[in-house]
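> with the input below, show me the fold.
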Amino acid sequence: MRWNRASARRCKSWKISKKKGATMTKGMMMDRRHALMGMGAAAAGLTTASLSAGAKAQSLPAALSVEEQLRALRDPMPAARTLARLQSDLSGRTIYAYSAGQVFGLRAGRGLEIADYGKRLYGYEGCSVRRSVVRADGKIETTSRSWLFYKDLERGTFMDRFTNPYTGKTVDVPVFRAGISGEILGANGLELKANFGLKSSVFGKPVQLDIVQVGDRAVVTRHGFTQWTPPDTKKPRTEFTMDSWACSVKDLLDADAPAIPATYAWTSQTEWQSWLAMPADMDGSLTWRAEGTNVYAIEDLPQAFVQHCMARDPNLLTAPLA
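All right, here's what the predicted structure looks like:
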């Protein structure tokens, strides 16, 4: 991101720019980490052809109270469309969903001293490039590509090696590339396109959204429980994820708008990552926390992140989606 005065005004406090094509909001489930960084991550798109075919959503009756309109968003298809509008843009435009976060190690239930119970391990920055369309049957189909880089939180730099504080050993740090290439979202829930085995509590069920209203603001949340088998191991792993979006009530209820400007946050609790090379008898878990935003242009992403992507693999940001 070029930090001139105009950029600062556009990005300050992750508030939404009033300029067309600029940052939508302040965020990632991954994929694994971006679809699981969300399991979170069901995006959507609405083409002109879809609109003419009758796929355009109808605004909720103005006669209903705000509370009644918010309750109506919990019905299966309105909930699916709301989730899609929070995660993407229903006009069919390609978006870049950026997120930055940090990872903590926790060893609970053993009566350990604080220093041994919890450790802040490392950070990360990631992105998901997404494009969505509304199909003739009304379902929302998304194509995506997601990845992340791990960071040294003390130095603020991307890292290739990490000294595990639990073992004292230095290990190689991978670049995470999601095995999920897209999803289909409808009234009966989410279907993922992935190159690995994956189960989730959100598959084959209507989208469940929790909405909290405070004045003219709202927070929309959904959660999921997931099991998958990483390609480098035969042991299934589990993960709990929670995605949250803070937005205005007005934007949330504007069903004709292709996107809902929102601040995104993601929380995950999962097992040790395999690349940490933790001893088999060392129990514990990882807690992930991330915040981020969707933007429409590469130049609106943080400049250091873009530079690192281009140095590692320019195709990450620039290759067309399949």
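
> quick check, residue 168 in a helix?
No - secondary structure of residue 168 (DSSP: H, G, I helix; E, B strand; the rest coil): coil, not part of a helix.

> what about it, how many residues nearby?
The local packing of residue 168 (other C-beta atoms under 10 Å) involves 7 other residues. No exception for glycine: its C-beta is placed from N, CA and C like everyone else's.

> same question for residue 308.
When counting by other C-beta under 10 Å, one arrives at 17 neighbours for residue 308.

> surely it meets residue 159?
No - with contact defined as C-beta atoms under 8 Å, residue 308 and residue 159 do not form a contacting pair (10.9 Å).

> the stretch 1-150 of the chain: strands as residue ranges?
Taking DSSP state E, counting those that start in this stretch as the test, the strands found in the stretch 1-150 of the chain are 95-106, 118-134, 140-152.

> tell me which of these lies nearest to residue 278.
strand 95-106 (9.1 Å; C-beta to C-beta).

> quick one: strands adjacent to that closest one?
Partners of strand 95-106 in the sheet, by DSSP bridges, are strand 118-134 (antiparallel), strand 285-295 (antiparallel).

> turn these into TSV, including mean pLDDT and mean neighbour count.
As requested, these are arranged in TSV below (pLDDT from 0 to 100; neighbours: other C-beta atoms under 10 Å):
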stretch	mean pLDDT	mean neighbour count
strand 118-134	94	22
strand 285-295	95	21
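
> and the closest residue in space to residue 208 that isn't next to it in sequence, what helix or strand is that in?
For residue 208, the nearest residue in space outside its immediate sequence neighbours is residue 222; the separation is 6.1 Å by C-beta to C-beta, 6 or more residues apart in numbering. With elements taken from DSSP states H and E, the one containing residue 222 is strand 217-228.

> tell me how far the helix or strand just after that strand lies from the chain's centre.
Along the chain past strand 217-228, the next helix or strand (assigned with DSSP H and E) turns out to be strand 237-248. Between the centre of strand 237-248 and the centre of its chain there are 8 Å (C-alpha atoms, centre = their mean, to the nearest Å).
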